[in-house]
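Undergrad: Next comes the sequence, and after it the predicted model I'd like to discuss.
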Amino acid sequence: MIVARNLTKVFRDKKRGEIRAVDDVSFTCEPGRIYGLLGANGAGKTTTLRMLATLIAPSSGGALVAGLDVVKQPAVVRARVGFLAASTALYARLTARETITYFGRLHGLDDARIASRIARLADELGMHEFLDRRVDTFSTGMKQKTSIARTLVHDPDVLILDEPTLGLDVMAARGIVRFVRECRARGKTVIYSTHIMSEVEKLCDRVGIIHGGRLVAEGTLDELRARHGERDLEEIFVKVAGGEAVV
Ligand SMILES: Nc1ncnc2c1ncn2[C@@H]1O[C@H](COP(=O)(O)OP(=O)(O)OP(=O)(O)O)[C@@H](O)[C@H]1O
């Protein structure tokens, strides 16, 4: 479960001055549910996810992730969370299996556990054909599957996925979306950031639309449709986030 309460992050930038990248954001995502964080470039999605994954500390407010406080217990939170960053780099010279093993060891897993996790993740993500090939021979889709597998090697309860289908072709993106659905069916708590409306409509149980660092609309798709008198999520998005960005 993820409970964000008044999450706020202020950056101080020499040129731009004070930037309220995330401003008073509160929401809840239950286990077995996918929460979609929808926003344009620069809206504050990545900053929100980085606070939930304990990579940066909030300026104010806080969050409970898997029942743990991100500010007071960051190391324990990290053990329970899999964070897929939008710009994950992989070591070109390692194979997929070596990459996942490396991250498994960083999480303190023994070799038998790592081998069984790799077998399972390779089944679920369709990775068997390229597990023992070097990453520098991979397509973008293969790289993304490897990044996801290394992110989830420790079988975390909470998945924090920042634009997981960015740059993928339709078939590769569908494979990732199917995998995320299966994670939900197994009871994982998933937060999924994207700017692709159709993915939110297909995948997410609740949606938060973030604009200029603020959560400008929040609820199930049906609630948002009823509240804004529109069926199409893109129309709702333009209504609530169509103005100039605040930051
Ligand atoms: N370390 C930082 N220092 C200064 N400003 C930052 C920093 N990180 C993010 N920002 C600013 O905070 C705002 C929100 O950025 P963020 O990356 O969270 O947006 P986003 O919704 O993830 O966008 P995108 O879809 O482009 O990744 C932007 O104005 C960005 O320039």
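TA: Cool, got the structure.

Undergrad: contacts, neighbours, all on C-alpha from now
TA: Noted.

Undergrad: Kindly report the residues of this protein close to the ligand.
TA: For the chain, the residues found near the ligand under the criterion CA under 6 Å from any ligand atom are 11, 13, 21, 39-47, 247.

Undergrad: Sort out for me which of the residues you listed are in strands.
TA: Of the positions in the residues of the chain next to the ligand, 11, 13, 21, 39 sit in strands, assigned by DSSP state E.

Undergrad: re earlier: in the residues of the chain next to the ligand, which has the lowest confidence score?
TA: Ranked by pLDDT, the residues of the chain next to the ligand bottom out at residue 247 (41).

Undergrad: which SSE is the spatially most central residue of the chain in?
TA: Central residue of the chain (CA atoms, centre = their mean): residue 161, 1.6 Å from the mean position. Assessed by DSSP states H and E, residue 161 sits inside strand 158-162.

Undergrad: Determine the set of other helices and strands touching that strand.
TA: helix 45-52, strand 81-84, strand 189-194 (3 or more CA pairs under 8 Å, 6 or more residues apart in numbering; DSSP states H and E).

Undergrad: just the strands in this structure please.
TA: 2-13, 17-29, 33-39, 60-65, 68-69, 81-84, 158-162, 189-194, 206-211, 214-219.

Undergrad: Could you check the angle the third one makes with strand 2-13?
TA: Read that as strand 33-39. Using axes from the mean of the first three to the mean of the last three CA atoms, to 10 degrees, one finds that strand 33-39 and strand 2-13 are set 20 degrees apart in direction.

Undergrad: repeat for the longest one
TA: Using the same axes, to 10 degrees, the interaxial angle of strand 17-29 with respect to strand 2-13 works out to 170 degrees.

Undergrad: for stretch 142-155, the distance to its chain's centre please.
TA: Its chain's average C-alpha position is 13 Å from that of stretch 142-155, according to CA atoms, centre = their mean, to the nearest Å.

Undergrad: Dump the C-alpha coordinates for it into PDB.
TA: This file holds the C-alpha atoms of stretch 142-155, laid out as PDB (Å, rounded to 0.1, in the frame of the first residue of the first chain):
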ATOM      1  CA  MET A 142      14.700  -6.500 -24.500                       C
ATOM      2  CA  LYS A 143      16.600  -3.800 -22.500                       C
ATOM      3  CA  GLN A 144      13.400  -2.700 -20.800                       C
ATOM      4  CA  LYS A 145      12.500  -6.200 -19.900                       C
ATOM      5  CA  THR A 146      15.900  -6.700 -18.400                       C
ATOM      6  CA  SER A 147      15.500  -3.400 -16.400                       C
ATOM      7  CA  ILE A 148      12.200  -4.500 -15.100                       C
ATOM      8  CA  ALA A 149      13.500  -7.900 -14.100                       C
ATOM      9  CA  ARG A 150      16.500  -6.400 -12.200                       C
ATOM     10  CA  THR A 151      14.100  -4.000 -10.500                       C
ATOM     11  CA  LEU A 152      11.900  -6.800  -9.300                       C
ATOM     12  CA  VAL A 153      14.500  -9.500  -8.500                       C
ATOM     13  CA  HIS A 154      13.800  -9.200  -4.800                       C
ATOM     14  CA  ASP A 155      10.000  -9.700  -5.300                       C
END
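
Undergrad: Can you give the contact residues for it?
TA: 79, 82-84, 88, 90, 96, 99-101, 103-104, 107, 109, 114, 117-118, 121-122, 125, 127, 130, 135, 159, 164, 176 (CA atoms under 8 Å, 6 or more residues apart in numbering).

Undergrad: Out of the residues you listed, which end up buried?
TA: 79, 82-84, 90, 96, 99-101, 103-104, 109, 114, 117-118, 121-122, 125, 127, 130, 135, 159, 164, 176 (16 or more other CA atoms under 10 Å).

Undergrad: Can you redo the residues of the chain next to the ligand as TSV, where the extra columns are neighbour count?
TA: Formatted as TSV, the residues of the chain next to the ligand follow (neighbours: other CA atoms under 10 Å):
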residue	neighbour count
11	13
13	9
21	22
39	24
40	18
41	13
42	16
43	23
44	24
45	28
46	22
47	21
247	15
